[in-house]
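> Task: produce atomic coordinates for the following.
(one chain, ligands or ions: 1)
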Amino acid sequence: MRVCIFGDLHGEPREIPPADGYMLVGDFSEYFDTTSDPLWKFYVRALMAHSPEEKYQMFTSEKMIKAIKLSIDSSIKTLTIFDNLKKPVYYITGNREFYPDFLIEYFCLDIPLFLEKSKDLKNSTCINLKRITLGSKSVFGIPYIPSGFHREDWKLPGFEEIWDHYAKEIDNILQNSPFISIILSHNPPFGVLDAHLDDTHLGINFFNDYILEKKPELFICGHAHGYYGEKIVNQTRVLNLAFRNFEILEL
Ligand SMILES: [Fe+2]
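Residues are numbered from 1 along each chain as shown. Purely as a prediction, here's the structure:
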């Protein structure tokens, strides 16, 4: 089985090679210009706002709701391009899907979640924390886990606790899973192809422990856009497909 795996797409792919199936590591929504577009400048200002009250007001404003909807629609648009190929598509969610859904749930906003809307697609399956078999290999999907500077930016009451709990749950599920050949994760392991453009680490510590103990064959990730490449860690091939790169595997 020929499977094509894409890193963060952030909009329409330049090309899609023919394959029997596709795997996507999340971050489907296009890049919005946070320096010149007034809506996205507002989004960044909300992230940087100092007081929780000010943040709360900005995050629940009409402008923010518009930004969240645009971001979700853009993610769905990219995913639909793959869905229309009429081949099985397996995907996990990146931070571009995580944050809109998280805000919708946290603030109880009246907006359909990305994960709800993506269920309407016919050929695409979200494998967040799910195990599938492709060809002769078991594959396990791990969605985005808040990390690095992304995590420090979002200072809203309760976020840290909720996210710590979320990360711990994922760690537990992973530890208790039977052997997995291929991990498909948005974040890289910590210190492995995981620095962002300003050298802040975006990786996750417990992935390193998992790799050392359980020795999966392949750990595929994205998220750190400037760090496309591969590294062998213990006996595991870690492959960061980063920004719009793809890899074809025979499984
Ligand atoms: Fe990304």
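> Does the ion have contacts with the helix or strand bottoming out on mean pLDDT in the chain?
Lowest by mean pLDDT, DSSP states H and E among the helices and strands of the chain is helix 148-153, with a mean of 78. No - using C-beta under 5 Å from the ion, helix 148-153 stays clear of the ion, coming no nearer than 10.1 Å. Where C-beta positions appear, they are placed from N, C-alpha and C, glycine not excepted.
> which residues are contacting that helix?
Residues from elsewhere that reach helix 148-153 (C-beta atoms under 8 Å, 6 or more residues apart in numbering): 47, 48, 95, 160, 163, 196, 198, 200, 201, 202, 203.
> Please repeat the previous calculation with a cut-off of 10 Å.
Contacts of helix 148-153 with the rest of the structure, by C-beta atoms under 10 Å, 6 or more residues apart in numbering, involve 44, 47-48, 95, 98-99, 144-146, 159-160, 163-164, 167, 187, 190, 194-196, 198, 200-204, 223-224.
> how about low-confidence regions in this protein?
Applying pLDDT under 70 to the chain picks out residues 196-198.
> so where's the longest helix in it?
helix 62-83 (DSSP state H).
> Can you tell me the strand partners of whatever helix or strand comes next after that helix and which way each runs?
The C-terminal neighbour of helix 62-83 among helices and strands, as given by DSSP states H and E, is strand 89-91. When pairing is defined by DSSP bridges, strand 89-91 lines up against strand 21-24 (parallel), strand 124-126 (parallel).
> Select, out of the ones you listed, the one closest to residue 66.
Closest approach to residue 66 among these is made by strand 124-126 (24.9 Å; C-beta to C-beta).
> Good, we can wrap up now.
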